[in-house]
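1. Just the structure for this:
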Amino acid sequence: MSKAPKPHILVVEDDDDILELVSYNLKKEGYQITRAMSGEKALQCVEDDPPHLILLDLMLPELDGLEVCRRLKRDHETAAIPIVMLTAKGEEADIVAGLEMGADDYITKPFSPRVLIARIRAVLRRHRRGMASEEAVLTFGELTIHPGRHEVIYQDAAIDLTYSEFAILHLLARRPGWVFTRYRIVDAIRGEHYAVTERAVDVQIAGLRKKLGDAGDYIKTVRGVGYKFMELDASDG
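-> Modelled structure (predicted):
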């Protein structure tokens with residue numbers, strides 16, 4: 001039986017050297033590659049042959065990466081395509097903006113090709129696995145989350161969480177490895193009977209970690225951006 005072809009990745013980068021480096025390493029891993037050096041060309045490539053993942057530089061001439069991300073994520077035909085942003089150090093505001101528009105991950109320059117490949121594999125793996133059902137029981141080692149019963153068990157002991165704490169934990173745990181900005185957390189768990197602000201998210205996370213004890217280590221802070229629930233097989237980096 002022949003092996004399925006490797007995923008198709010669109011690399012959007014206007015720096016020749018970085019474009020060549022990324023393309024070389026992805027091709028070496030067997031990925032199919034399409035290259036674009038502008039935002040306009042990237043959108044055309046997606047329309048002509050939708051990729052399985054887009055590696056998108058934010059600093060592009062004329063139509064920048066944030067606008068490309070915004071247009072793709074607001075179109076129902078392309079919204080599900082995972083986007084990994086390439087950013088320069090110190091661009092925290094752009095990272096946050098991209099994640100809030102729906103980008104799936106980011107990596108800062110300069111980067112190791114091995115780290116880049118690992119991030120891409122992780123995003124593709126999460127995308128294939130898809131978002132867990134809202135009612136599915138989630139288990140991570142000795143931590144179990146029962147959405148239907150609104151119950152969290154760690155080391156056979158029940159943990160008493162507030163409505164907001166449970167909602168945040170469930171949101172993060174359903175998409176392990178995905179980075180959520182504070183705004184996206186607020187937007188996802190906002191309800192009629194309680195209010196959560198971006199500043200209050202940090203307080204909620206602190207209380208949640210304290211109640212979870214050692215299991216609180218699953219929740220990682222992404223400095224300047226937000227939070228994620230770390231996958232069991234992923235490194236902290």
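2. Ends of stretch 68-82, what's the gap?
-> 13 Å (Cα to Cα, to the nearest Å).
3. Stretch 84-94 spans what distance, first to last residue?
-> Using Cα to Cα, one end of stretch 84-94 lies 13 Å from the other.
4. List the contacts of that stretch.
-> Stretch 84-94 has contacts (Cβ atoms under 8 Å, 6 or more residues apart in numbering) with 13, 18, 53-59, 65-66, 69, 95, 98, 103-109, 111, 119-120, 123, 224-225. Every residue, glycine included, has its C-beta placed from N, CA and C.
5. and Lys73, what is it in contact with?
-> Contacts for Lys73 (Cβ under 8 Å, 6+ apart) come out as Ala79, Ile83, Met101, Gly102, Ala103.
6. rerun at 7 Å
-> When contacts are counted by Cβ atoms under 7 Å, 6 or more residues apart in numbering, Lys73 touches Ala79, Met101, Gly102.
7. just Arg209 next, same as before
-> Gly216, Ile219.
8. quick one on the thing from earlier: from the contacts of stretch 84-94, which land in helices?
-> Ile18, Gly65, Leu66, Cys69, Ile95, Gly98, Arg119, Ile120, Val123 (DSSP state H).
9. For the nearest residue to Phe111 once chain neighbours are set aside, list each beta-bridge partner.
-> With sequence-adjacent residues excluded and distances taken as Cβ to Cβ, 6 or more residues apart in numbering, Phe111 is closest to Leu86, at 7.9 Å. Legend: beta-bridge partners of Leu86 under DSSP bridges are Asp57, Ile107.
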